[in-house]
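1. based on what follows, work out the 3D shape:
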Amino acid sequence: MFKKTPPILVISEPDVEAALDHLRNLPYRNTLPKTWDRQHLLNMIKEAVGERPKVNLMLEVAPGVFGVIKPFGVDLAGMREHDGRLQVWLAIRRAGTNPNRVTVI
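-> As a prediction, this is how the structure comes out:
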């Protein structure tokens, strides 16, 4: 049997920068060089994706950072055909939990 080659996985630099800004501003964090934080973030994303990435899979990446795997370029108006790459979109939870301000739903 032939082993299927995993698709190329990419991430938008603005997503990486926004996630780094978020993580570097969390309280009680150890101060490390930005390049170390960047590499740590990329490693956390790779670990969350795993060996078999699946489109539309939701990922827990880091505190307040979540990802979704999408075909590359689906958010671009000019991209009509999928080129085989997958992209991780990052979403950031800007507000933290305030235990004194919660609503029962």
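
2. for the closest residue to Gly64 other than its chain neighbours, give me its contacts.
-> Distance criterion CB to CB, 6 or more residues apart in numbering; nearest residue to Gly64, sequence neighbours excluded, is Arg93 at 4.0 Å. Just so you know, the C-beta spots here come from the backbone N, C-alpha and C atoms, and that holds for glycine as well. Neighbour list for Arg93: Gly64, Val65, Phe66 [criterion: CB atoms under 8 Å, 6 or more residues apart in numbering].

3. again, but for Met44
-> Going by CB under 8 Å, 6+ apart, Met44 touches Val61, Ala62.

4. and the next element down the chain from the helix or strand encompassing it?
-> Met44 belongs to helix 34-49 when assigned by DSSP states H and E. Following helix 34-49 in sequence order, the next helix or strand is strand 58-62 (DSSP H and E).

5. so which bits of that next one are buried?
-> Neighbour-count burial for strand 58-62 flags Leu59, Val61, Ala62 (criterion: 16 or more other CB atoms under 10 Å).

6. between those, which sits nearest Leu76?
-> Nearest to Leu76, judged by CB to CB, of the buried residues of strand 58-62 is Leu59 at 21.4 Å.

7. so the closest one sits right up against Lys70, yeah?
-> No: Leu59 is beyond contact range of Lys70, at 11.5 Å (criterion: CB atoms under 8 Å).

8. who touches both of these two?
-> The contact lists of Leu59 and Lys70 share Val88, where a contact means CB under 8 Å, 6+ apart.

9. related to what we said a few turns ago, so which bits of the helix holding Met44 are buried?
-> Buried residues in helix 34-49, counted by 16+ other CB under 10 Å: Asp37, Arg38, Leu41, Met44, Ile45, Ala48, Val49.

10. now distance to Val55 and pLDDT too, for these, in a markdown table please.
-> Supplementary listing: the buried residues of helix 34-49 in a markdown table, determined by distance: CB to CB, whole Å; pLDDT from 0 to 100:
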| residue | distance to Val55 | pLDDT |
| --- | --- | --- |
| Asp37 | 28 | 92 |
| Arg38 | 26 | 94 |
| Leu41 | 22 | 95 |
| Met44 | 20 | 95 |
| Ile45 | 16 | 96 |
| Ala48 | 15 | 95 |
| Val49 | 12 | 94 |
